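Engineer: What follows is a predicted protein model with its sequence.
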Amino acid sequence: MKVGPIAAALTGIALLAGVANALPADGFLGNSVGALMRSDLYGFFNFAQTVNQPCPGGSAGGLRPTGAAFHKLAAIAVALDGQDRITAISLSLDRAFVDAPGQGVFARDVAKSFIRDVAGPAPDPRIGALADEIESGLPPKTTLVPLHGAQPSPQQGPASPCYRVFLGTGASCAIAADGEILTLQDGRPEGDAVVRITFAPKAGAPAGCLLRKIAD
């Protein structure tokens with residue numbers, strides 16, 4: 001069996017003694033593919049490479065959970081440059097998985113872990129708030145202060161545009177921050193029943209790396 005560049009890079013990193021467990025402070029983009037391997041997302045959900053293909057200036061690969069229960073329900077596509085640095089990364093979740101009353105909590109767990117790990121430990125507040133919305137199933141709270149000194153009344157605010165996409169009531173959204181852009185897209189209008197979460201440079205992914213085409 002031929003080992004693809006992404007799998008080879010991950011294997012080499014695993015063999016290094018004393019590899020640091022901490023994720024890069026500035027997130028995944030621009031950092032080694034090792035950042036993906038060290039993440040809770042990769043380890044906890046048991047992702048493994050399923051596809052690899054050459055890409056202009058580097059390579060691109062698809063990863064899925066190894067467990068049978070979620071193997072077809074979640075996929076990661078990652079683009080690397082010639083030095084095995086992550087240039088773009090995308091998570092696709094089956095729409096039925098996200099919407100399922102029982103399994104939806106697991107889809108939310110994958111989605112919020114992906115957003116937090118890729119964005120890094122100090123994300124733009126809008127990105128952090130989106131991860132919180134997905135995890136809790138609720139939009140952010142606002143506090144209403146009454147006129148006559150009673151206790152403040154916390155209430156749920158409106159769902160953010162990106163959370164509405166996650167819920168299936170919005171088509172697409174984008175959050176641009178610190179030279180990169182987070183996008184969410186409902187794939188159903190294109191005949192693809194998934195919700196897709198992508199981090200890429202503001203300038204876009206490298207030419208020829210169509211991440212949505214390689215996750216399988």
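Structural biologist: Perfect, I can see it now. Residues are numbered from 1 along each chain as shown.
Engineer: Strands of the protein, residue ranges please.
Structural biologist: With DSSP state E applied, the chain shows strands at 47-55, 58-65, 74-81, 86-94, 141-144, 153-156, 172-177, 180-186, 194-201, listed in chain order.
Engineer: tilt between the fourth one and strand 194-201?
Structural biologist: For strand 86-94 against strand 194-201, the angle by axes from the mean of the first three to the mean of the last three Cα atoms, to 10 degrees is 170 degrees.
Engineer: name the helices or strands packed onto strand 86-94?
Structural biologist: helix 34-37, strand 74-81, helix 104-119, strand 194-201 (3 or more Cβ pairs under 8 Å, 6 or more residues apart in numbering; DSSP states H and E). To be clear about C-beta, it is placed using only N, CA and C from the backbone, and glycine gets the same treatment.
Engineer: Within its sheet, name the partner strands of it and how each one runs.
Structural biologist: Within its sheet, strand 86-94 is paired with strand 74-81 (antiparallel), strand 194-201 (antiparallel), according to DSSP bridges.
Engineer: Report the buried residues of the last one.
Structural biologist: Counting neighbours by 16 or more other Cβ atoms under 10 Å, one finds that the buried residues in strand 194-201 are Val194, Val195, Arg196, Ile197, Thr198, Phe199, Ala200.
Engineer: Now render the helices and strands packed on strand 86-94 as CSV, adding mean pLDDT and distance to Ala96.
Structural biologist: As requested, the helices and strands packed on strand 86-94 are exported to CSV (pLDDT from 0 to 100; distance: least, Cβ to Cβ, whole Å):
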stretch, mean pLDDT, distance to Ala96
helix 34-37, 86, 26
strand 74-81, 91, 12
helix 104-119, 94, 9
strand 194-201, 92, 9
